[in-house]
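> Fold the following for me, if possible:
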Amino acid sequence: MNSSLVLLIALVIFLFVVYIVLSVTGSGGAAEWKIIVKNKSNKIRKDLRSNHSSDLERALIGADKLLDFALRHKGIKGNTLGERLKNAENHFEKKFYNSIWDAHKLRNKLVHEVDATLTVYQLRSKAKNLVLAAEKLV
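Okay, here's the model as predicted:
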C-alpha cells in the first residue's frame, strides 16, 4: 500500500470519529435541556400533590425557576425572568400568558414579602401554570 492510500484511510477514519462525537454530544446537548425540563416538571408535579404550604411554596419557587430555565434555553432574550417573559408573549395564548404573569407575581410576593400568606389553592394553581408554561416551551 502506498502512503497516500494509508493517509486517506486515516483521514476517513478520523472524520468518521469526529462525526460520531459531534452527533452524540452536539444534538444531545441541544435536547438535554428539554429532558431536564420534563424531569423537573415531573418532580414539581409530585410536590403539588401535597397539602402542606411549605411543599407548595417550594413547588411554586421551583416552577418559576424551571420556567426561567426553559425560556433561557429556548433562546428568549432578557436579563431577568420578567424581561424574558415580556419577550415570550408570542409563545403563549393571551389568557394563559396573563396567568403566567400572575403566577410569577405571586412567586415574587412569596419570596420578597415577609408577611406573605398564600392559600394552598393559590400556591398549587399558580405553580401548575408555571410548570405547564415551561412544558409548552419544550
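
> now what about stretch 32-40, what contacts it?
For stretch 32-40, contacts defined as C-beta atoms under 8 Å, 6 or more residues apart in numbering pick out 62, 66, 69-70, 73, 134-135, 137-138. Backbone N, C-alpha and C define where each C-beta goes, glycine included.

> Please state the offset of that stretch from the chain centre?
Taking the mean of its C-alpha atoms, stretch 32-40 sits 7 Å from the chain's own mean (C-alpha atoms, centre = their mean, to the nearest Å).

> Nearest to the spatial middle of this protein, which residue is it?
residue 70 (2.7 Å; C-alpha atoms, centre = their mean).

> In helices only, show me the contacts of stretch 32-40.
Secondary structure from DSSP state H places 62, 66, 69-70, 73, 134-135 of the contacts of stretch 32-40 in helices.

> Next, format those as a markdown table and append distance to residue 50.
Shown next, in a markdown table, are these (distance: C-beta to C-beta, whole Å):
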| residue | distance to residue 50 |
| --- | --- |
| 62 | 13 |
| 66 | 17 |
| 69 | 22 |
| 70 | 23 |
| 73 | 28 |
| 134 | 20 |
| 135 | 20 |
